[in-house]
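Engineer: with the sequence up front, the predicted model follows.
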Amino acid sequence: MEDLEQAGIVSREKHPHSLQQEVTYGTAGFRMRAENLDHIVYRMGLLSVLFSKFRSGVTGIMITASHNPEEDNGVKLIDTMGEMMPISWEKHATDLANVSDHQLVEALKEIVKSEAIDITKPGIVSVGMDTRISSPALSQAAIDGIKALNGECHNFGLLTTPQLHYIVCCENTQGSYGDPTEEGYYNKLATAFVKLNKDKKCVNYVSQLFLDLANGVGAPKVRELLKHLNGSLNINLCNDGSSGKLNHQCGADFVKVCQAPPVGVNLEPGMRCASFDGDGDRIVYYYKTSEGKFSLLDGDKIATLFAAYLNELVKSSQLKLDMGLVQTAYANGSSTAYITDVMKVPVACVPTGVKYLHHKAQDFDIGVYFEANGHGTVLFSESARKLIVNQASNSSLDKVTKEAADRLATVMDLINQTVGDAISDMLVVETILASRDWTCQDWDSAYTDLPSRQIKVKVENRLLVETTDAERRTTKPPGLQEAIDEIVSNYKHGRAFARPSGTEDVVRVYAEADTQANADKLAYEVGMQVYKLARGTGELPSL
Ligand code: G16
């Protein structure tokens with residue numbers, strides 16, 4: 001218990017609690033203005049050590065605010081298999097972040113007691129950070145927390161969020177998932193990509209990708225990746241951090257929400273483009289049609305591309321594995337209809353947040369999960385992995401079956417199964433397009449998205465809006481859902497919902513309808529109801 005007392009002293013002397021407002025562990029950890037985060041990140045360093053002792057393995061801390069503006073920062077906590085910290089521990093994170101300096105030691109003792117943690121066990125935490133100006137100091141605060149509890153810190157410095165998830169998983173699986181280093185990450189992905197693409201003979205697919213890196217950590221990391229790809233993919237780097245501001249008019253979130261190309265990309269028909277977000281865990285693709293229209297290939301389109309391809313490989317490998325797809329309320333209605341009616345793959349809908357999608361995807365042999373905003377991956381159950389690997393090494397199979405199984409096993413290696421990963425997802429998309437010899441337009445032709453619109457509404461307290469049914473309906477404030485139902489009933493193919501963001505201080509409104517003008521109008525009308533019934537502040541909602 002001496003360490004806990006020591007943690008209290010360091011807290012008071014070096015990382016004092018200075019924030020008036022209560023904070024909550026949100027969709028992906030704590031996120032706010034960077035200047036308010038020091039004591040919270042220090043305390044998350046402490047918590048990660050306790051969590052590591054509890055799990056008897058290495059845990060992780062990532063300093064990033066991902067898609068948020070440059071002035072924000074945040075902290076995401078990682079479990080031993082590279083997944084998000086379990087939801088049951090979020091309460092501890094919230095409690096610890098809010099207690100006063102003088103209550104801190106008691107709060108730590110309470111966690112030790114309630115989780116029956118053996119504090120004599122080692123506590124090991126791996127730390128990574130994005131490129132924000134505030135990240136080095138916050139990373140140091142996390143390290144101070146780890147050291148104050150006598151934990152062992154593996155400091156990896158600059159990484160994308162998914163790279164840290166990958167490394168933590170490798171550290172806890174004795175290398176069976178890969179080498180627990182950044183170099184190991186590139187080697188694993190590049191080896192699989194080069195193998196899958198070595199014999200490609202394409203007429204329509206061109207190996208030239210225009211990649212917007214949101215001026216974030218993806219830029220230096222994609223440069224590193226390219227050194228390992230031996231020219232098997234040509235990438236033009238845009239918004240690579242050499243001049244523009246992080247996530248400002250660029251990046252996956254901007255492109256998805258604004259349905260427009262980022263600054264720095266002069267979109268012309270025939271170009272295949274993609275955008276990462278600030279910490280490299282989301283990706284969306286887009287292109288200009290021959291008619292000159294901007295067209296987005298978002299997380300839903302990536303999910304269907306992945307699922308259809310994997311389904312084919314499973315069948316050609318003569319394996320019987322069940323597949324399921326996991327989405328959130330933001331999934332375009334056309335995508336859900338296509339997956340259910342045409343692909344005949346079961347679809348589950350869960351609340352926003354990778355933690356929910358990842359968990360649900362574990363119900364299947366092969367679980368594909370994607371948020372429409374481009375965050376997603378594929379999970380293979382342990383039994384599915386074994387079956388695939390065995391089939392790939394079964395020399396008694398005919399050539400076609402064996403080749404399909406071998407390909408499936410290699411695709412599995414190309415996928416970062418710990419969390420959505422823009423680099424890994426990009427390599428999988430490129431592999432599938434090359435193998436099908438498809439352009440973006442070919443990919444896009446599977447189904448047509450319903451026009452949609454997302455807006456943000458500023459309110460006094462966003463937590464006044466409460467939801468149910470995977471966030472598709474509100475339960476509070478009173479009258480809001482009835483008002484939304486009434487508005488939606490006036491629109492053909494209309495659907496809309498409102499939910500409090502877990503990463504920004506806003507209520508998000510999503511709407512879709514038969515035309516873009518109607519989707520816009522529906523979003524605006526629902527936004528006005530949110531503003532009226534959930535105590536909007538400042539400017540009225542606008543498109
Ligand atoms: C995080 C989460 C995503 C979520 C997004 C927006 O992404 O990891 O699952 O979709 O926030 O969440 P919200 O609508 O609650 O603000 P990122 O890329 O920002 O870490």
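Structural biologist: Sure, I can see it.
Engineer: show me which residues of this protein sit near the ligand.
Structural biologist: Within the chain, the positions lying close to the ligand (Cβ under 6 Å from any ligand atom) are 27-28, 66-67, 277, 281-282, 352-354, 371, 373, 375, 501-504, 508. C-beta: built from backbone N, CA, C; applies to glycine.
Engineer: go again using 5 Å as the cut-off
Structural biologist: Contact residues (Cβ under 5 Å from any ligand atom) of the chain with the ligand: 27-28, 66-67, 352-354, 371, 501-503.
Engineer: would you map the helices across the stretch 201-350 of the chain?
Structural biologist: Taking DSSP state H, counting those that start in this stretch as the criterion, the stretch 201-350 of the chain carries its helices at 218-228, 251-258, 299-316, 333-337.
Engineer: about what we covered before: possible to save the residues of the chain next to the ligand as TSV with distance to residue 135 and neighbour count?
Structural biologist: Shown next, in TSV, are the residues of the chain next to the ligand (distance: Cβ to Cβ, whole Å; neighbours: other Cβ atoms under 10 Å):
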residue	distance to residue 135	neighbour count
27	20	19
28	16	26
66	12	29
67	15	29
352	25	25
353	23	20
354	21	24
371	24	26
501	22	16
502	21	17
503	17	22
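Engineer: tabulate those residues (CSV), appending secondary structure.
Structural biologist: As requested, the residues of the chain next to the ligand are exported to CSV (DSSP: H, G, I helix; E, B strand; the rest coil):
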residue, secondary structure
27, coil
28, coil
66, coil
67, coil
352, coil
353, coil
354, helix
371, coil
501, coil
502, coil
503, coil
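Engineer: ok, which pair from the residues you listed is furthest apart?
Structural biologist: Among these, the pair separated by the greatest distance (Cβ to Cβ) is 354 and 501, at 14.7 Å.
Engineer: ok, now how distant is the residue nearest the centre of the chain from residue 281?
Structural biologist: A centroid search over the chain (Cα atoms, centre = their mean) returns residue 375, at 3.8 Å, as the residue closest to the centre. Applying Cβ to Cβ, to the nearest Å, the value for residue 375 to residue 281 is 6 Å.
Engineer: so what sits against both of those two?
Structural biologist: residue 420 (Cβ atoms under 8 Å, 6 or more residues apart in numbering).
Engineer: list the contacts for residue 271?
Structural biologist: 208, 210, 287-288.
Engineer: the nearest residue to residue 309 once chain neighbours are set aside is in what secondary structure piece?
Structural biologist: Using Cβ to Cβ, 6 or more residues apart in numbering and skipping the chain neighbours, the partner closest in space to residue 309 is residue 432 (4.8 Å). Using DSSP states H and E, residue 432 maps to helix 422-436.
Engineer: quick one: mean pLDDT over the helix or strand following that helix.
Structural biologist: Toward the C-terminus, helix 422-436 is succeeded by helix 440-444 as the next helix or strand (DSSP H and E). The average pLDDT for helix 440-444 rounds to 97.
Engineer: next one: stretch 125-139
Structural biologist: Here the average pLDDT along stretch 125-139 is 98.
Engineer: for residue 512, grab phi and psi.
Structural biologist: phi -140, psi 150 (degrees, to the nearest 10).
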